[in-house]
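everything below, folded, please.
(2 chains)
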Amino acid sequence: MSWTVLVVATLNAMLINNVILSQFLGVCPFLGVSKKSSSAVGMSGAVMFVMIVSSLVTYTIYALVLVPFGITYIQTIAFILVIASLVQLVEILIKKFSEGLYKSLGIYLPLITTNCAILGVAEGNISSIYSPEISFFSGLSTAGFTALGTALGFGLVMFAFSSIRERLEAADMSEAWKGIPISLLTAGIMSIAFLGLKGII
Amino acid sequence: MTRKENFLKGFVKENPIFVFLLGMCPALAVTASFETSLGMGILVIFVLTMSNIVISSVRNFIPYEVRTPAYIVIIATFVTIVRMLTAAYAFDLYLSLGVFIPLIVVNCLILGRAEAFASKNSVLDSAIDGFGMGLGFTFALVVIGIFREFLGTGGIMLGVYLPFFGPNEISISLDLIINLFNPDFVSEEYALNFFVVAPGAFIALGMILAFMQGKKAKRVRLEIEESKRLIIKKKNAALAKKATLAKEAS
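Numbers count the residues shown, from 1 in each chain, chains lettered A, B, ... in the order given. The predicted structure follows:
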């Protein structure tokens, strides 16, 4: 397990298989919470925190509990319960220890349970990384770095898109395209730009 | 609201995708072809109807504070059932939908209907609501799927992913009509491949939504013009009446 593998996994998840623009996960917050740059950054911070922790926890549960007992078919139920309770736990902990962080991230935390990017990354880690041959810790670190890259990609696209959208609000355009349709068209053009990054690895 | 209205509201008036913009992730991700859209729609109809029935029948036993986790567990159970059934009977569909089958759990539409309708209404009404909303969702997915596959490949393929379209693959395209005039024409060579890859999903959905928003804006504009015309008409009538009254007085 060398560092290059982890760097490649991070970059791959961040730029090439971008979570929003090529995998279509997390489109709801992408369209809903991107009207202002500040809220986009807050949402991305909360997503990054929960995504890394939940990826590590779900991978551990899958490898050490579900597989040994032969009950991998309940993986969806187990994962969504873990994520939902983890979000609650994180909310309580942040509220207890850091009032400032709670004020900036707190309102986004309840929205995260139904953010499909979190469950999507947890399920994707199992189907693409887990195999009985590789050691538990190398799989766990790959899962953690994939989650980090995915969250960075999410934050990058959210920030860029919210900056564009602040300008679109003031633009003069036909009634038909105002709001969501022009946002989707912009996202399509951004997605074309991200397709061009396919060659870097 | 009658039962019929309850059933039909999901198609146009409260369409989950085109009006409420719920469940956008599957609407973008699985609509590259007609058949995957229809398959996803059928899975969502099943999960939504069954979870609505169960949630509305246990709605009086669930404490208010823990209702969301309870709903999620019920929904996740049906998603697991659906996942196993798809893997058993439609394995190609299972492979092509991939991670989006477990992600039905976090589809905002299903939790939204549980919260807004099934937790307050009777079992039969909730079942009708779930089935109608699921059909509306499927309708929207199929519209996007046909739009993208037709522009992207030049025709619609049947029988690749879904077992009930028969063992043989059937291709429906405009080739048959065009070949009467030009026998060498193959519409696939002129297709816009762009629409079946990732950026095409965003742009196709944006175009469909812009079309609907444009129609709505036009209708609102016409209504405003109509009401203005009515006001002017009434004003003129009142002025004419006033003039006749003044004439009679003099």
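
could you use CA atoms for every contact and neighbour count after this?
Fine.

the closest residue to chain B within chain A - how many residues pack around it?
The nearest approach of chain A to chain B comes at residue A:176, 3.9 Å away (C-alpha to the nearest C-alpha). Other residues near residue A:176 number 20, with proximity taken as other C-alpha atoms under 10 Å in any protein chain shown.

contacts only, for it.
Residues in contact with residue A:176 (C-alpha atoms under 8 Å, 6 or more residues apart in numbering or on different chains) are B:210-215, B:217.

mind redoing it with 10 Å?
Counting by C-alpha atoms under 10 Å, 6 or more residues apart in numbering or on different chains, residue A:176 touches A:182, B:207, B:209-218.

same check, this time on residue A:78
Counting by C-alpha under 10 Å, 6+ apart, the residues that residue A:78 touches are A:58, A:61-62, A:66, A:72, B:73, B:76.

list only buried entries from these.
A:58, A:61-62, A:66, B:73, B:76 (16 or more other C-alpha atoms under 10 Å in any protein chain shown).

before we move on, back to that, any idea how far residue A:72 is from the residue of chain A closest to chain B?
48 Å (C-alpha to C-alpha, to the nearest Å).

let's have the contacts of residue A:78 in JSON lines, adding pLDDT, distance to residue B:160 and secondary structure.
Output for these, formatted as JSON lines (pLDDT from 0 to 100; distance: C-alpha to C-alpha, whole Å; DSSP: H, G, I helix; E, B strand; the rest coil):
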{"residue": "A:58", "pLDDT": "94", "distance to residue B:160": "34", "secondary structure": "helix"}
{"residue": "A:61", "pLDDT": "94", "distance to residue B:160": "36", "secondary structure": "helix"}
{"residue": "A:62", "pLDDT": "94", "distance to residue B:160": "33", "secondary structure": "helix"}
{"residue": "A:66", "pLDDT": "92", "distance to residue B:160": "34", "secondary structure": "helix"}
{"residue": "A:72", "pLDDT": "89", "distance to residue B:160": "29", "secondary structure": "helix"}
{"residue": "B:73", "pLDDT": "91", "distance to residue B:160": "33", "secondary structure": "helix"}
{"residue": "B:76", "pLDDT": "94", "distance to residue B:160": "28", "secondary structure": "helix"}
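
quick check, pLDDT for residue A:54.
On pLDDT, residue A:54 comes in at 92.

just the element for the nearest residue to it once chain neighbours are set aside, please.
Nearest residue to residue A:54, sequence neighbours excluded (C-alpha to C-alpha, 6 or more residues apart in numbering or on different chains): residue A:83, at 6.1 Å. Secondary-structure assignment from DSSP states H and E places residue A:83 in helix A:75-97.

how about a markdown table for the buried ones among the contacts of residue A:78, with distance to residue B:38 added?
As requested, the buried ones among the contacts of residue A:78 are exported to a markdown table (distance: C-alpha to C-alpha, whole Å):
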| residue | distance to residue B:38 |
| --- | --- |
| A:58 | 31 |
| A:61 | 34 |
| A:62 | 32 |
| A:66 | 32 |
| B:73 | 26 |
| B:76 | 21 |
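
tell me the pLDDT at residue B:57?
94.

what do you get for residue A:76?
Confidence score, pLDDT, at residue A:76: 91.

repeat that for residue A:106.
At residue A:106, pLDDT is 67.

residue A:94 is in contact with residue A:102, isn't it?
Yes. Using C-alpha atoms under 10 Å, residue A:94 makes contact with residue A:102 at a distance of 5.7 Å.

show me the domain layout of chain B.
B:3-165, B:200-249 (automatic domain parsing).
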